[in-house]
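[1] Need coordinates for the following:
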Amino acid sequence: MPDGPDRDDEDGPPGETGPGLTRAESFRDGVRRGLPFAAVGFVLSLSFGVLARQAGFSALQAVATSALVFAGSAQFAALSIVVAGGGVGAAVSAAGLMNARFLAMGIALAPSLPGSAPARAAQGQAVVDSSWAMANRRDGSFDRWLLFGATAPQYLTWVLGTTTGAFAGDQLGDVERFGLDAVYPTFFLGLVIAELRDARSRVVALLGAVIALALVPLTPPGVPILAAAAAALLGLTRYGEAR
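    Here you go, the predicted structure:
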């Protein structure tokens, strides 16, 4: 079959589709792969909506946060600081540190995104951890249509979950009854466990934990998290130089 405007062969431009797949087929494949992550995201964002309201957010503020930020780790980091009584600056800084990984991910993805700089920046908004990993072809290129498809259901359920939690959270009653108050500590614990597969990560995690625990009784809420994150980045840098 000759190549049409919606089909790319194996030698086609990078970032379009896999060999022999149309853009629509690649997008649908991404949607299918993204659905399990979307289901989990709904539960996480539901808890974010409920807890954000309890922290003093309005329902619209909670929904807007999820719609604009769309990053679970960053949102929960900021929320945990606000709940502990920390300031906006500390919350935003912590969220920024949590999202710093997207800089490296964006650099890797950039050659696979066509168009002008603004167009590529717009396409890059579809990057989330799971979609980025699924779209990675392991040869230095990415299937951007699979990326778009995988992110689409995750974004929809993330915003829908937050909306449900923010507007209907009062109907749930005491969040401790359902364990929603433990969702974001458990979420962060899961992130840490997933990273403890090598000695470098374990040393950096231990260093960050020690610094955070030492600063909790001495500094305002939010500062221990920022200091621990900075120490982790320093530890990674020193490790790379040593090698």
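
[2] tell me the mean pLDDT over the one helix or strand residue 134 maps to?
    Secondary structure assignment for residue 134, by DSSP states H and E: helix 129-135. Averaged across helix 129-135, pLDDT comes to 89.

[3] Pull the distance from that helix to the chain's centre.
    Distance, stretch centre to chain centre, for helix 129-135: 11 Å (Cα atoms, centre = their mean, to the nearest Å).

[4] which other helices and strands contact it?
    helix 23-54, helix 101-109, helix 144-172 (3 or more Cβ pairs under 8 Å, 6 or more residues apart in numbering; DSSP states H and E). Backbone N, C-alpha and C define where each C-beta goes, glycine included.

[5] Please repeat the previous calculation with a cut-off of 6 Å.
    For helix 129-135, the packing partners by 3 or more Cβ pairs under 6 Å, 6 or more residues apart in numbering; DSSP states H and E come out as helix 144-172.

[6] Run the angle between the helix it packs on and helix 101-109 for me.
    If you take axes from the mean of the first three to the mean of the last three Cα atoms, to 10 degrees, helix 144-172 sits at 160 degrees to helix 101-109.

[7] buried stuff in helix 144-172?
    Neighbour counts over helix 144-172 (16 or more other Cβ atoms under 10 Å) mark 144-155, 157-166, 169 as buried.

[8] export stretch 201-220 as PDB, just CAs?
    Provided in PDB are the C-alpha atoms of stretch 201-220 (Å, rounded to 0.1, in the frame of the first residue of the first chain):
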ATOM      1  CA  SER A 201      19.600   5.400  44.600                       C
ATOM      2  CA  ARG A 202      19.600   3.800  48.100                       C
ATOM      3  CA  VAL A 203      22.400   6.000  49.300                       C
ATOM      4  CA  VAL A 204      20.700   9.200  47.900                       C
ATOM      5  CA  ALA A 205      17.300   8.200  49.400                       C
ATOM      6  CA  LEU A 206      18.900   7.600  52.800                       C
ATOM      7  CA  LEU A 207      20.700  10.900  52.700                       C
ATOM      8  CA  GLY A 208      17.500  12.800  51.800                       C
ATOM      9  CA  ALA A 209      15.600  11.000  54.500                       C
ATOM     10  CA  VAL A 210      18.200  11.800  57.200                       C
ATOM     11  CA  ILE A 211      18.300  15.500  56.300                       C
ATOM     12  CA  ALA A 212      14.500  15.800  56.200                       C
ATOM     13  CA  LEU A 213      14.000  14.100  59.600                       C
ATOM     14  CA  ALA A 214      16.800  16.200  61.100                       C
ATOM     15  CA  LEU A 215      15.200  19.500  59.900                       C
ATOM     16  CA  VAL A 216      11.600  18.700  60.800                       C
ATOM     17  CA  PRO A 217      11.800  20.000  64.400                       C
ATOM     18  CA  LEU A 218      14.000  23.000  63.400                       C
ATOM     19  CA  THR A 219      12.600  24.600  60.300                       C
ATOM     20  CA  PRO A 220       9.200  25.700  58.900                       C
END
